[in-house]
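> coords below, sequence missing:
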């Protein structure tokens with residue numbers, strides 16, 4: 001059984017004391033494919049070191065996270081461009097719009113999102129979308145960029161059934177993580193109406209731990225707990241969920 005965590009911040013400082021053991025726990029749980037999103041340039045070297053250490057298991061994205069769109073965002077975007085031009089990546093991400101923390105940078109976030117989508121198209125790569133309190137704004141950009149060359153994953157999807165359908169209409173898979181196990185998560189109420197061909201697994205570790213670890217540090221081994229919840233929702237066994245969602249991730253990333 002091969003499980004794929006399509007979104008895990010393995011380089012996070014939260015893992016500084018037990019990173020190797022944490023990654024081994026993921027392998028022991030069958031989570032052997034780990035896709036690592038970029039946040040900003042300060043983490044790039046750490047990402048490369050992880051890839052060098054686990055070349056068969058760790059796959060990197062490159063991008064500028066919307067909450068890191070600061071005064072120096074043009075420099076950060078230039079870094080993204082240089083890295084994309086210099087080597088292969090699995091995706092451009094995580095990119096998008098986040099209005100939960102700071103609404104004042106909306107215009108800059110919109111520009112960064114659109115610019116990075118265009119970079120993904122240039123390199124024929126999928127995108128990995130971060131959206132918080134910004135569905136309308138994200139969909140507006142996706143609408144302006146829609147086409148066969150726009151595809152990817154709507155990371156940590158927590159929207160409504162209608163928003164799920166809209167995301168899928170833009171060639172996005174839905175990244176489903178710990179929220180699906182929450183009593184107030186809501187997405188479990190309609191997920192079985194979404195074909196499982198549109199679903200990939202993720203943790204977003206070290207954030208958003210699934211039940212029974214909610215409120216504690218998340219890690220990639222908990223991908224299995226998300227898969228177990230999806231097995232209940234879709235009335236399938238764990239092996240089937242692993243096979244289908246790993247194939248879906250393969251379809252997006254080509255890896």
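Thanks, I have it. None of the values given here were measured: they were computed from a predicted structure.
> following the longest strand along the chain, which helix or strand comes up?
Secondary structure of the chain per DSSP state E: the longest strand is strand 91-98. Reading on from strand 91-98 to the C-terminus, the next helix or strand found by DSSP states H and E is helix 106-122.
> so which bits of that next one are buried?
By neighbour count on 16 or more other Cβ atoms under 10 Å, the buried set for helix 106-122 is 106, 108-117, 119-121. All C-beta spots, glycine's among them, are computed from the backbone N, C-alpha and C.
> swap in stretch 133-140?
134-135, 137-139.
> show me where this protein has helices.
19-28, 44-53, 73-86, 106-122, 135-145, 161-169, 223-234, 238-253 (DSSP state H).
> what's the mean pLDDT across the fifth one?
Yep, that's helix 135-145 we're talking about. Average pLDDT, helix 135-145: 98.
> what comes into contact with that helix?
Applying Cβ atoms under 8 Å, 6 or more residues apart in numbering, the contact partners of helix 135-145 are 96-97, 99, 106, 110, 113-114, 117-118, 121, 129, 131, 150, 159, 163, 166-167, 170, 172.
> how does it look with 10 Å?
Applying Cβ atoms under 10 Å, 6 or more residues apart in numbering, the contact partners of helix 135-145 are 66, 95-99, 106, 109-111, 113-114, 117-118, 120-121, 127, 129-132, 134, 146, 150, 152, 154, 158-160, 162-163, 166-167, 169-172.
> drop anything exposed from those residues.
Buried among these (16+ other Cβ under 10 Å): 66, 95-99, 106, 109-111, 113-114, 117, 120-121, 127, 129-132, 134, 150, 152, 154, 158-159, 163, 166-167, 170-172.
> hmm, residue 65 is touching residue 92, no?
No. Residue 65 lies out of contact with residue 92 (Cβ atoms under 10 Å); the separation is 11.6 Å.
> neighbour count winner among those two?
Ranked by neighbour count (other Cβ atoms under 10 Å), residue 65 and residue 92 place residue 92 first, with 28 against 20.
> how much space separates the residue lying closest to that one once chain neighbours are set aside from residue 232?
Setting aside the residues directly before and after it, residue 92 is nearest to residue 120 in space (Cβ to Cβ, 6 or more residues apart in numbering), at 3.9 Å. Going from residue 120 to residue 232 by Cβ to Cβ, to the nearest Å gives 34 Å.
> how about residue 111?
Taking Cβ to Cβ, one finds residue 111 at 42 Å from residue 232.
> swap in residue 170?
28 Å.
> repeat for residue 239
Taking Cβ to Cβ, one finds residue 239 at 14 Å from residue 232.
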